[in-house]
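A.B. asks: quick one, fold the following:
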Amino acid sequence: MRQSFKFVKTASSELQFKINQSIIFNYIRENAPISRAKISKDLKISAPAVSRVIEKLIENNYVFETEKIETKSGKRPILIALNEDRGFVLGIDLGGERIRMSLMNYSGKIVKKYIGPEINDNINIEQNLEIEIQKIFEDCKKNEWNYSNPLEVQSICIAIPADVDAVTGKITGAPLYGSWKNINLKESINSIFKVPVFIENNVNLAAWGEKNFGRGKGYANEVFLEISNGVAAGIIIDNVLLRGENGYAGEIGFTIINAENLGFKVKNKGFLEKFASVTSIRNKALKAISDGEKTLILDLAGNDINKINSSLVCEAAIKGDKLAKEIIENVVKFLSIAMINLILIINPKIIILGGYIFNLPYKNELFANPIKNFIKQSIPFEIPDIEFSVLGDDAALLGSCFMAIESLLTGEFPYRIDKN
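C.D. replies: Prediction:
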């Protein structure tokens, strides 16, 4: 039997305008400066509709008209640019040795960076953040950057080395800083400064940082692999951050390498974190030396065991030291197994290596190249690009700034064209 379909409700002109405005604004963010004509052509939205949206965006101070551009013939089009001076967002990274903060404008440019106090399990993180953020708010009032008007911080995003409830902002698990568990930085900071506050795991935000400002730019499917005191992954699939049911996606530090290690757990560390983190390189060297093993590592440290670090182990490995080479080779094997499993399950286009490993000497010769060889031998299809971070220590900081902008604007401009 033939059925007829009746559309009870269609998009009103008001909703259509909102959709067009959102799509056009986000397109300008990614492609400015750009002319009205090119926006219309690229997005296949009529020229009058584009002009109506642009006028509204200018009225609300989101964009402005800039200089005319030269063309071979005809009228010179006026370009539309993003008003980067509409306000600031504040990104905060708690994943390093000190509190690090950065002001970013709407165009994604860093205006100023700040270094705060040391981070440890004994500091009152809420109190310290309140003090440091207050200083930045005062800086903005002083207008040190010579903007036409003093600009305000309009949102804050905090990158934290912990598991976070994305909805409430409550810290549900903090392997490095046990005293932080159950703290709700979102509530406490918002109650003081009265701006939207967003909290996210620092490795997830490092993945966002690389995707929008670094090596992951242009990739829809990316894994950021943090190798520092621990090992964790920030995973982006189809341009969306993968968090999992309870926000634990990417906790690969608890990966089990073989059946004999089922049930392995040392306090809050997993197998991979104990045997394949940057910290584990130093720990293995110290244990071997304490057991009386002869090694060039101690010579490079001037026979001072307190000066031994992971970088010295890498230097000794390059010079052919047996112990150092064995330590690095074992780390490479464990990381390779974890990455092979990630590739088979997720099939990313790129894996970006970051964290403390980024600062080790000879990182390509000792880590990236042998890891690629193991993966090529084990994967029966095209393997992803495997590259080191280009943002280094700033990955999570830039990611937090980006999330602050995105979170602030998503409510106003929720529609956009998929980048791919």
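A.B. asks: what residues are up against residue 293?
C.D. replies: residue 323 (C-beta atoms under 8 Å, 6 or more residues apart in numbering). Just so you know, the C-beta spots here come from the backbone N, C-alpha and C atoms, and that holds for glycine as well.
A.B. asks: next: residue 360.
C.D. replies: 278, 310, 311, 314, 366, 367.
A.B. asks: that's a strand at the fourth one, yeah?
C.D. replies: The reference is to residue 314. No - per DSSP: H, G, I helix; E, B strand; the rest coil, residue 314 lies outside any strand segment and is helix.
A.B. asks: with respect to residue 412, which of the contacts of residue 360 is nearest?
C.D. replies: Using C-beta to C-beta, residue 278 is the member of these that lies nearest residue 412, at 41.2 Å.
A.B. asks: can you tell me the closest non-neighbouring residue to the closest one?
C.D. replies: Leaving aside its chain neighbours, residue 278 sits nearest to residue 356 (4.1 Å; criterion: C-beta to C-beta, 6 or more residues apart in numbering).
A.B. asks: what do you get for residue 248?
C.D. replies: residue 163 is the one closest to residue 248 (C-beta to C-beta, 6+ apart), at 6.2 Å.
A.B. asks: and what of residue 385?
C.D. replies: Closest to residue 385 by C-beta to C-beta, 6+ apart is residue 350, at 4.3 Å.
A.B. asks: that neighbour - how many residues pack around it?
C.D. replies: Using other C-beta atoms under 10 Å, residue 350 has 20 other residues around it.
A.B. asks: can you verify my assumption that it contacts residue 223?
C.D. replies: Yes - applying C-beta atoms under 8 Å as the test, residue 350 and residue 223 come out as touching, 7.4 Å apart.
A.B. asks: shared neighbours of the two, anything?
C.D. replies: Common neighbours of residue 350 and residue 223 (C-beta under 8 Å, 6+ apart) are residue 384.
A.B. asks: next structured bit after the longest helix along the chain?
C.D. replies: Longest helix of the chain, by residue count under DSSP state H: helix 322-346. Tracing the chain past helix 322-346, the next element assigned as helix or strand by DSSP states H and E is strand 350-354.
A.B. asks: which SSE is immediately downstream of that next one?
C.D. replies: As assigned by DSSP H and E, the chain's next helix or strand after strand 350-354 is helix 363.
A.B. asks: who does that following helix touch, helix- and strand-wise?
C.D. replies: Contact partners of helix 363 among helices and strands, from 3 or more C-beta pairs under 8 Å, 6 or more residues apart in numbering; DSSP states H and E: none.
A.B. asks: could I get the average pLDDT for the helix or strand just after it?
C.D. replies: Downstream of helix 363, the first helix or strand assigned by DSSP H and E is helix 369-378. For helix 369-378, the mean per-residue pLDDT is 97.
A.B. asks: quick one, helix 369-378 and helix 322-346 angle?
C.D. replies: 50 degrees (axes from the mean of the first three to the mean of the last three C-alpha atoms, to 10 degrees).
A.B. asks: from the chain's centroid, how far away is helix 369-378?
C.D. replies: Here helix 369-378 is found 26 Å from its chain centre; the criterion is C-alpha atoms, centre = their mean, to the nearest Å.
A.B. asks: cool, stretch 227-235 as well?
C.D. replies: 12 Å.
A.B. asks: name the residues that touch it?
C.D. replies: Outside stretch 227-235, the residues that reach it (C-beta under 8 Å, 6+ apart) are 175-176, 201, 203-208, 222-226, 241-242, 249-253, 269-270, 272-273, 276-279, 335, 338, 342, 346, 348, 353-357.
A.B. asks: mind checking which of those land in helices?
C.D. replies: Per DSSP H, these map to helices at 203-208, 272-273, 276, 278-279, 335, 338, 342, 346.
A.B. asks: quick check, nearest of the residues you listed to residue 406?
C.D. replies: The closest of the ones in helices among the contacts of stretch 227-235, once distances to residue 406 are taken by C-beta to C-beta, is residue 208, at 8.4 Å.
A.B. asks: low pLDDT regions in the stretch 51-200 of the chain?
C.D. replies: Residues of the stretch 51-200 of the chain meeting the criterion pLDDT under 70: 68-75, 145-150.
A.B. asks: do a quick rundown of the helices in it.
C.D. replies: Here the stretch 51-200 of the chain has its helices, by DSSP state H, counting those that start in this stretch, at 125-142, 185-193.
A.B. asks: so this protein: which segments form each domain?
C.D. replies: 13-82, 87-209+396-410, 215-390 (automatic domain parsing).
A.B. asks: out of those domains, which is closest to residue 417?
C.D. replies: Nearest to residue 417, of all the domains of the chain, is domain 13-82, at 6.0 Å by C-beta to C-beta.
A.B. asks: so who does the spatially most central residue of the chain touch?
C.D. replies: Nearest residue to the geometric centre of the chain (C-alpha atoms, centre = their mean): residue 206, 2.1 Å. Residue 206 is in contact with 95, 159, 224, 226, 234, 354, 389, 391, 395, 396, 399, counting by C-beta under 8 Å, 6+ apart.
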